[in-house]
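S.K.: got a structure for you, letters missing:
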């Protein structure tokens with residue numbers, strides 16, 4: 001019996017030492033890891049004590065208790081593995097959101113702080129429109145229908161407001177600039193062409209030059225903030241002739257990338273779209289490499305402040321009609337994932353598809369068809385609010401277009 005008591009005492013000392021060691025390093029160990037380890041040690045301690053009581057103190061049971069303690073790191077390691085990234089799934093079927101939309105004014109989406117989606121678009125050349133959508137229910141909560149403007153609408157930008165989203169209507173000339181794009185944030189930042197280069201207007205009437213743009217200037221500008229309200233800076237992508245350019249500016253106005261061209265094959269390109277998770281940036285666009293060839297998707301990505309030096313062709317996942325791939329958009333998801341959206345097929349026989357990718361650019365799961373059926377579709381746009389993504393697109397109805405949308409779950 002004295003030997004048994006000694007062995008029990010040694011087991012208790014060993015357990016106590018392990019517990020003390022874990023507590024000593026708790027500041028550097030994730031709380032979930034530590035909780036799992038302490039729980040396992042507690043179970044092992046009780047088993048060791050009970051085994052000693054039941055067995056009358058035989059040495060083999062004490063040995064088994066020690067073996068159980070030795071297996072604790074394996075148990076904890078199994079619970080600390082990084083979860084496998086998941087693909088986006090359909091949450092709500094495609095539905096009509098507005099009966100009339102102008103295909104020359106691409107919809108712009110904003111994820112609001114209360115989990116809603118604000119969408120700015122136009123129903124005609126001088127008719128700005130907007131709506132606020134609950135993505136979980138698909139219900140349109142509010143509509144924005146101001147009187148006709150005196151100028152031609154180029155963009156309708158949803159921005160945060162004290163009482164909910166507001167909508168800023170841009171025309172051909174804004175802030176002394178042409179072709180301007182506005183950041184969808186409370187910060188009043190616009191970027192456009194002024195003279196021979198790009199310039200920014202940031203909440204005042206003062207125009208700050210950014211960098212020169214050759215060959216007739218920049219068109220089809222898109223902006224994206226690197227952090228909340230662009231405090232960490234912003235990126236801008238645009239076309240110069242038939243080249244896609246990307247530039248970046250810090251929150252203090254320092255230029256980190258003065259609009260460098262993204263290397264590609266030199267074919268005919270479409271509107272570039274831009275997204276960022278604050279660490280990396282992605283630019284996607286469609287390109288017809290040469291006359292008679294099908295349109296392909298190109299995707300450039302890299303650190304936010306660095307030039308994007310290559311835009312690889314995206315291999316289309318199986319299950320679609322094939323043919324042309326046009327009008328893409330992209331959005332950043334949690335966990336370093338990306339959601340890519342595009343139109344695929346031939347004229348009159350096209351579908352809209354979406355695919356989730358991991359941080360390395362590998363596909364996760366299967367591609368989704370997010371359009372109601374095949375048909376003629378206009379430029380689509382993505383927005384992410386929490387773990388939900390909304391896709392807005394134009395559906396052709398004869399000579400007119402309707403605004404439609406689909407909601408995805410991206411946990």
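M.R.: Arrived safely, thanks for sending. Because the structure is a prediction, the values reported are computed rather than measured.
S.K.: Distance of the nearest residue to residue 216 once chain neighbours are set aside relative to residue 214?
M.R.: The spatial neighbour of residue 216 that comes closest, neighbours along the chain excluded (C-beta to C-beta, 6 or more residues apart in numbering), is residue 241 at 6.7 Å. For the C-beta atoms, the positions are set from N, CA and C on the backbone; glycine is no exception. In this view, residue 241 and residue 214 are 9 Å apart by C-beta to C-beta, to the nearest Å.
S.K.: who are the neighbours in contact with the closest residue to residue 152 other than its chain neighbours?
M.R.: Distance criterion C-beta to C-beta, 6+ apart; nearest residue to residue 152, sequence neighbours excluded, is residue 125 at 5.3 Å. By C-beta atoms under 8 Å, 6 or more residues apart in numbering, the contact set of residue 125 is 102, 104, 152, 153.
S.K.: Identify the farthest-apart pair in those.
M.R.: Across these, no pair lies farther apart than 102 and 152, at 10.2 Å, counting by C-beta to C-beta.
S.K.: Which one's more surrounded, these two?
M.R.: residue 102 (23 against 13; other C-beta atoms under 10 Å).
S.K.: Can you give me every residue that contacts the more buried one?
M.R.: Per C-beta under 8 Å, 6+ apart, neighbours of residue 102: 121, 122, 123, 124, 125, 127, 153, 401.
S.K.: SS state for the first one?
M.R.: Read that as residue 121. Here residue 121 is recorded as strand under DSSP: H, G, I helix; E, B strand; the rest coil.
S.K.: and it, what does it touch?
M.R.: Applying C-beta under 8 Å, 6+ apart, the residues near residue 121 are 98, 101, 102, 105, 106, 107, 108, 129, 130, 156, 392, 403.
S.K.: Residue 283 is in contact with residue 311, isn't it?
M.R.: Yes: using C-beta atoms under 8 Å, residue 283 is in contact with residue 311, at 7.1 Å.
S.K.: Spit out the residues that contact the two alike.
M.R.: By C-beta under 8 Å, 6+ apart, the residues touching both residue 283 and residue 311 are 244, 262, 299, 300.
S.K.: any idea of the pLDDT on residue 54?
M.R.: Note for residue 54: predicted pLDDT of 40.
S.K.: The one 5 residues further on too?
M.R.: At residue 59, the model reports a pLDDT of 41.
S.K.: hmm, who's touching stretch 366-378?
M.R.: 87-90, 93-94, 101, 103, 106, 317, 319-321, 327, 341, 343, 345, 347-355, 391, 393-396, 401, 404, 406, 408.
S.K.: What's the end-to-end length of that stretch?
M.R.: 23 Å (C-alpha to C-alpha, to the nearest Å).
S.K.: what about that stretch, average pLDDT?
M.R.: 89.
S.K.: neighbouring contacts of the strand ranked longest in the chain?
M.R.: For the chain, the longest strand by residue count, based on DSSP state E, is strand 89-101. When contacts are defined by C-beta under 8 Å, 6+ apart, strand 89-101 is touched by residues 107, 119, 121-124, 129, 131, 133, 135-136, 138, 140, 368, 370-372, 378, 388, 392, 394-395, 400-410.
S.K.: let's see 6 Å
M.R.: Residues outside strand 89-101 that contact it (C-beta atoms under 6 Å, 6 or more residues apart in numbering): 121, 123, 138, 372, 394, 401-409.
S.K.: How about stretch 331-347?
M.R.: Under C-beta under 6 Å, 6+ apart, the answer for stretch 331-347 is 85, 88, 275, 277, 297, 320-321, 323, 325-330, 350-359, 377, 380, 382, 384, 389, 391, 410.
S.K.: Can you flag the buried ones in those residues?
M.R.: Among the contacts of stretch 331-347, those buried by neighbour count (16 or more other C-beta atoms under 10 Å) are 85, 88, 275, 277, 297, 320, 325-330, 350-358, 377, 380, 382, 384, 389, 391, 410.
S.K.: Now do the helices in the chain.
M.R.: 2-24, 31-55, 59-70, 72-79 (DSSP state H).
S.K.: Comparing these, which yields the minimum mean pLDDT?
M.R.: helix 59-70 (a mean of 39).
S.K.: nearest to residue 266, of the contacts of residue 125?
M.R.: Nearest member of the contacts of residue 125 to residue 266, counting by C-beta to C-beta, is residue 104, at 26.7 Å.
S.K.: list the contacts for the closest one?
M.R.: Counted by C-beta under 6 Å, 6+ apart, residue 104 has zero contacts.
S.K.: Near residue 140, how many other residues are there?
M.R.: Neighbour tally, residue 140, other C-beta under 10 Å: 14.
S.K.: in the sheet, who's paired with the closest residue to it other than its chain neighbours?
M.R.: Counting by C-beta to C-beta, 6+ apart, residue 140 lies nearest to residue 131, which is 5.2 Å off, once chain neighbours are set aside. Taking DSSP bridges as the rule, residue 131 bridges to residue 119, residue 143.
S.K.: re earlier: pull up the pairing partners for the longest strand of the chain, direction included.
M.R.: When DSSP bridges is applied, strand 89-101 pairs with strand 400-409 (antiparallel).
S.K.: For the partner strand, buried residues please.
M.R.: 401, 402, 403, 404, 405, 406, 407, 408, 409.
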